[in-house]
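1. Structure for the following, please:
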Amino acid sequence: MIEALEPYSRQMVEDLFSVFPDWERFLSVVTEDGLNFFRVEVPPSTGAKSGPLGITSLYNEEITVYFGSCHRHYASILPSAKEPTGAVSFIQQLLNEELAVVSYLCSGDSLIKDGVSFGSAVPVAEIPNANYEYYYANALRVRSWKGTYDSDLPAPYVSSKPTH
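-> Model (predicted):
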């Protein structure tokens, strides 16, 4: 299956499997405009509320890593001159639960469509317990790979962030 991929995609998926060989079973080939790209979607951990963890080469000769409402783009899987950390660093931080994805949610607003307004990966020590960021959001959703930090909480906007 790997042989059918475009050269960049083939190299990137081989690099991915050099670090995570058990993930070969999650490989699929995606064809767009006659070209073959890879997608690897790793199912969520038992008990976790979010998933899968996805890695794809589908867009613009770059790697996209996605989990929950967050995604990031990389030039390569492994560290390189063009990509000093490579996508593998972000992937490992998610798997080790050094990072969690925090999503700001909006519901019940007539002007803004309900759903996720913004999602980003943050160090677990920096997971917010209130919404100081987005005045239109009214809830927070936190998702981590193993589910350790998973939570959903009402979070109306608070304009004054306390200083420590």
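
2. how distant is stretch 157-164 from the center of its chain?
-> Chain-centre distance of stretch 157-164: 27 Å, with CA atoms, centre = their mean, to the nearest Å.

3. If you could redo that for stretch 53-62, that was the one I meant.
-> Computed by CA atoms, centre = their mean, the chain-centroid distance of stretch 53-62 equals 12 Å.

4. and the longest helix along the chain, what does it pack onto?
-> When the chain is parsed with DSSP state H, its longest helix is helix 7-19. The helices and strands touching helix 7-19, judged by 3 or more CB pairs under 8 Å, 6 or more residues apart in numbering; DSSP states H and E, are strand 35-42, helix 86-95. Just so you know, the C-beta spots here come from the backbone N, C-alpha and C atoms, and that holds for glycine as well.

5. in the last one, what's buried?
-> Within helix 86-95, the residues that count as buried by 16 or more other CB atoms under 10 Å are 86-88, 90-91, 93-95.

6. cool, and the shortest one?
-> Neighbour-count burial for strand 35-42, with 16+ other CB under 10 Å as criterion, is recorded at 36-42.

7. And the strands in the protein, which stretches?
-> Applying DSSP state E to the chain gives strands spanning 27-32, 35-42, 53-56, 63-67, 70-74, 99-106, 115-123, 139-143, 151-154.

8. Can you name the residues in contact with the fourth one?
-> Under the criterion CB atoms under 8 Å, 6 or more residues apart in numbering, residues 12, 50-58, 71-77, 87, 90-91, 94, 101, 121, 143, 145 lie in contact with strand 63-67.

9. thinking again about what came up before, for the helices and strands packed on helix 7-19, give me JSON lines that also has mean pLDDT and distance to Arg25.
-> What follows is the helices and strands packed on helix 7-19, written out as JSON lines (pLDDT from 0 to 100; distance: least, CB to CB, whole Å):
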{"stretch": "strand 35-42", "mean pLDDT": "95", "distance to Arg25": "9"}
{"stretch": "helix 86-95", "mean pLDDT": "96", "distance to Arg25": "17"}
